[in-house]
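Q: my questions concern the predicted model and sequence given below.
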Amino acid sequence: MSQTALAAALGISAAHVGHIERGTRHASLETVVAISQQLEVSLDVLVFPDKISDSSRFAGFDQLRTLIASACELIDEMALSAGD
């Protein structure tokens, strides 16, 4: 799926999709879920690619996986600090 097609399906700009892929902008949790739905991959495939035996099939998503993992870490940190 092209960036343009993904962006149209998500209702965001292709430039924003490019930023997400490159890790220069963070995606909201809602956007990450929408990306996984559009690409027809589960969130665990995007977030935990090492746990998937056929990860070569998703080699093009390396930057996106890194970004999503970073977003998950930020969410965890925010949840921990909110509990303080």
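A: Thanks, I have the structure now. Residues are numbered from 1 along each chain as shown.

Q: could you say what helices and strands the longest helix along the chain packs with?
A: The longest helix of the chain (DSSP state H) is helix 62-82. Helix 62-82 sits against helix 14-22, helix 29-38, helix 43-47, with contacts defined as 3 or more CB pairs under 8 Å, 6 or more residues apart in numbering; DSSP states H and E. Where you see a C-beta, it was placed from the backbone N, CA and C, and this is true even at glycine.

Q: could you list the low-pLDDT ranges of the protein?
A: Judged by pLDDT under 70, the chain has its weakly predicted residues at 49-63, 83-84.

Q: try 80 this time
A: Applying pLDDT under 80 to the chain flags residues 45-67, 69-74, 76-77, 79, 81-84.

Q: and the helices and strands packed on helix 62-82 as CSV, adding distance to S2?
A: Shown next, in CSV, are those (distance: least, CB to CB, whole Å):
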stretch, distance to S2
helix 14-22, 8
helix 29-38, 11
helix 43-47, 18
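
Q: now the ones you listed as JSON lines including mean neighbour count?
A: Shown next, in JSON lines, are the helices and strands packed on helix 62-82 (neighbours: other CB atoms under 10 Å):
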{"stretch": "helix 14-22", "mean neighbour count": "17"}
{"stretch": "helix 29-38", "mean neighbour count": "16"}
{"stretch": "helix 43-47", "mean neighbour count": "17"}
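
Q: those helices: which one's closest to E77?
A: helix 29-38 (14.0 Å; CB to CB).
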